[in-house]
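Asks: Next comes the sequence, and after it the predicted model I'd like to discuss.
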Amino acid sequence: MLKKPSDKYRPFPPVTLPDRTWPNRVLTHAPQWCSVDLRDGNQALAVPMNVAQKLELFQALVRRGFKEIEVGFPSASNTEFAFNRLLIERNHIPEDVTVQVLVQAREDLIERTFESLVGARRVIIHLYNSTSPAQRRVVFGKSKDEILAIAVQGARWIRERLDRLKGTDVRLQYSPESFSGTEVEFAREISEAVMDVWQPTPERRMILNLPDTVEVAMPNVYADQIEWICRNIRDRDSLIISLHTHNDRGTGVAATELGLLAGADRVEGTLFGNGERTGNLDIVTVALNLYMHGIDPGLDLSRLNELREVYERCTGMTVPPRQPYAGELVFTAFSGSHQDAIKKGLTEWERGGRSHWDVPYLTIDPSDIGREYREVIRVNSQSGKGGVAYLLESEFGIELPKDMQREFGPIANDQVDALGREVKAEELRQMFWREYVDRTAPWRLNHFHADGVDGVFQCRTTLRREGSELKLTGEGNGPIAAFVHALLGAGVPRFEVADFKQHALASGETASAIAYIRIKTADGRSRWGAGVDTNIELASIKAVLSALNRL
Ligand code: KIV
Ligand code: ZN
């Protein structure tokens, strides 16, 4: 890299708009969405989709509620043309869905595009030509006037052919491609020249799509460009201002959101941001960002995993694990403090403690988009007691007392650390069993029976210790107290029961109970124990021995 990058690169010139209004606005409703998965997304694939794959993705987009879908560039290849014909001739386009097709300002391509549309119910014909200084100089070697003439000529060729599509509801769209790299004054001039040809009205508006073809500046600059156009172009009410951002600087979503604040009506993008280079705008993210602020996005993303599967199957792309909302790991916390906070927040929410979602670290309720709470907490060596406790409780109904969580958390953590990987809930359960429930040496219970009269309990018990059997009796104000008394009578160093909790573990025929007991010795040591049995009394007696065995 250069020591002095300014020798090679320069700052992007800002738009002069000192009275910009977009920073003071908030979004209150969803824009008109247009999916460009089958065109811009498809163009970016090493192996473009075949007709069957395009159809599967088209149908998935329709099911999610997209009403405008750019289905391709029909003059670009036989596959693209055939796909249009298949959609139209096989009646795959629902009545309320408009298909959009892209075409350059070339007469032969426009001609072929019209042929591909015959018989369609509703279409958007999308004309584009590139307008930025770099494109004018490097690619076309043309002046502004010559570039403007290309757009006007393209618009005329389209207008002249409109009567070929009698019976089709045709809307027109123009994109000054590389808009964000173009002088705003020239972008306005060329757009108005196209408007002169197409003569849009408030009743029959034209779509003016303003692409951030390559992200060349910060998203606030794009917002300024959009607000500048919205305020300075003539007949704004005859236009649908559309955004089409890419993601070269990683701020495609931000640019679209600020562009909406700046006055745009419509958004083009793709599922999960597939598209050239760093991708197109990720529509799913923008839609769910609106949703998390309580705005209906007008798209049904409630089975996002399923949509991701269709997308991955059709495009051959994979959604990265950290992709907002859709990534495998985005509703997962490994860090202990995060897990603890999420667990508390989810418990509060499930108890109906709040009217609006406010769970730490989770921007939305994962179940709203078909993801599961189970996915939320996973355990590795970074995890703390909260995650361990959450998994034991959510997977097995083991409700560890708080203080016991503090004891078992580090024990589990050491074992997970030694394994050097993430552990499954079942592995955690086994660790818990080894540490507590299966601790049957040196003391093991063979038999226990207690009877109580007037609050005084007598117990008889048979225990095994290092190969020999001991028959003991004891007395106390409950079965546990009587058992402790029996043990102390057998010479066990003095201890008392300091904490106790028990609950049913499962229902049905295999119903069992789990008891947790903390004992405290006369010399100040404290240990938890756990016992499991179909008999709740025996579970607690086993828990006492488990704690004793852990001393
Ligand atoms: O990114 C872009 O500018 C495009 C246009 C064709 C709209 O995809
Ligand atoms: Zn694009």
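Replies: Cool, the structure landed. Ligands and ions are numbered 1, 2, ... in the order given.

Asks: Would you point out which residue is most central in this structure?
Replies: Tyr325 (0.8 Å; Cα atoms, centre = their mean).

Asks: That one in helix, strand or coil?
Replies: coil (DSSP: H, G, I helix; E, B strand; the rest coil).

Asks: And it, how far from Arg266?
Replies: Relative to Arg266, Tyr325 is positioned 22 Å away (Cβ to Cβ, to the nearest Å). To be clear about C-beta, it is placed using only N, CA and C from the backbone, and glycine gets the same treatment.

Asks: would Phe457 count as being in a strand?
Replies: Yes - secondary structure of Phe457 (three-state DSSP): part of a strand.

Asks: tell me the pLDDT at the closest residue to it other than its chain neighbours?
Replies: Among residues not flanking Phe457 along the chain, Ala482 sits closest, at 4.4 Å (Cβ to Cβ, 6 or more residues apart in numbering). For Ala482, the model assigns a pLDDT of 97.

Asks: For the strand or helix carrying Ala482, buried residues please.
Replies: Under the criterion of DSSP states H and E, Ala482 resides in helix 479-489. If you call a residue buried by 16 or more other Cβ atoms under 10 Å, then helix 479-489 has these buried ones: 479-487.

Asks: Show which residues not belonging to that helix make contact with it.
Replies: By Cβ atoms under 8 Å, 6 or more residues apart in numbering, the residues outside helix 479-489 that reach it are 448, 450, 452, 457-459, 461, 472-476, 494-497, 500, 517, 537, 540-541, 544, 548.

Asks: 6 Å - rerun?
Replies: If you take Cβ atoms under 6 Å, 6 or more residues apart in numbering as the criterion, helix 479-489 is touched by 450, 457, 459, 461, 472-476, 537, 540-541.

Asks: Could you look up the next helix or strand downstream of that helix?
Replies: Trace forward from helix 479-489 with DSSP H and E and the next one is strand 495-504.

Asks: could you point out which element follows that next one?
Replies: Next along from strand 495-504, by DSSP H and E: strand 513-521.

Asks: orientation of that following strand relative to strand 495-504 in degrees?
Replies: For strand 513-521 against strand 495-504, the angle by axes from the mean of the first three to the mean of the last three Cα atoms, to 10 degrees is 160 degrees.

Asks: Which secondary structure elements does strand 513-521 sit against?
Replies: strand 495-504, strand 526-533, helix 536-549 (3 or more Cβ pairs under 6 Å, 6 or more residues apart in numbering; DSSP states H and E).

Asks: Residues in contact with it: which ones?
Replies: 401, 404, 495-502, 504-505, 526-532, 536, 539-540, 543-544, 547.

Asks: try stretch 442-450
Replies: Under Cβ under 6 Å, 6+ apart, the answer for stretch 442-450 is 457, 459-466, 479, 482, 541-542, 545, 548-549.

Asks: residues of that stretch that come out buried?
Replies: 443-445, 448, 450.

Asks: now stretch 190-198
Replies: 190-191, 194-195, 197-198.

Asks: among those residues, which are within reach of ligand 1?
Replies: For ligand 1, no contacts are drawn from those by Cβ under 6 Å from any ligand atom.

Asks: so can I have JSON lines of the residues you listed showing distance to Ala60 and pLDDT?
Replies: Listed next are the buried residues of stretch 190-198 as JSON lines, based on distance: Cβ to Cβ, whole Å; pLDDT from 0 to 100:
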{"residue": "Ile190", "distance to Ala60": "36", "pLDDT": "98"}
{"residue": "Ser191", "distance to Ala60": "33", "pLDDT": "99"}
{"residue": "Val194", "distance to Ala60": "33", "pLDDT": "99"}
{"residue": "Met195", "distance to Ala60": "35", "pLDDT": "99"}
{"residue": "Val197", "distance to Ala60": "36", "pLDDT": "98"}
{"residue": "Trp198", "distance to Ala60": "32", "pLDDT": "98"}
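
Asks: Around the nearest residue to Arg85 once chain neighbours are set aside, how many other residues sit close by?
Replies: Among residues not flanking Arg85 along the chain, Ser116 sits closest, at 6.5 Å (Cβ to Cβ, 6+ apart). Around Ser116 there are 24 other residues, counting by other Cβ atoms under 10 Å.

Asks: Ser116 - that's part of a helix, no?
Replies: Yes - counting by three-state DSSP, Ser116 falls inside a helix.

Asks: For the helix or strand hosting Val62, output the C-alpha coordinates as CSV.
Replies: According to DSSP H and E, Val62 maps onto helix 51-63. In CSV, the C-alpha atoms belonging to helix 51-63 read as follows (Å, rounded to 0.1, in the frame of the first residue of the first chain):
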residue,chain,number,x,y,z
VAL,A,51,-34.4,-21.9,-17.1
ALA,A,52,-35.5,-24.4,-14.4
GLN,A,53,-33.5,-22.7,-11.7
LYS,A,54,-34.7,-19.2,-12.7
LEU,A,55,-38.3,-20.5,-12.6
GLU,A,56,-37.8,-22.0,-9.1
LEU,A,57,-36.3,-18.7,-7.8
PHE,A,58,-39.0,-16.7,-9.6
GLN,A,59,-41.7,-18.7,-7.9
ALA,A,60,-40.0,-18.4,-4.5
LEU,A,61,-39.9,-14.6,-4.9
VAL,A,62,-43.6,-14.5,-5.9
ARG,A,63,-44.5,-16.5,-2.8
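
Asks: In that helix, which residues are buried?
Replies: Result for helix 51-63 [16+ other Cβ under 10 Å]: buried residues 53-55, 57-58, 60-62.

Asks: With stretch 250-270 instead?
Replies: 251-270.

Asks: Also stretch 76-95?
Replies: Buried residues in stretch 76-95 (16+ other Cβ under 10 Å): 76, 80-88, 92-93.

Asks: now do stretch 522-530
Replies: Buried, per 16+ other Cβ under 10 Å, within stretch 522-530: 527-530.

Asks: One more: stretch 1-8?
Replies: Neighbour-count burial for stretch 1-8, counted by 16+ other Cβ under 10 Å, picks out no residue.
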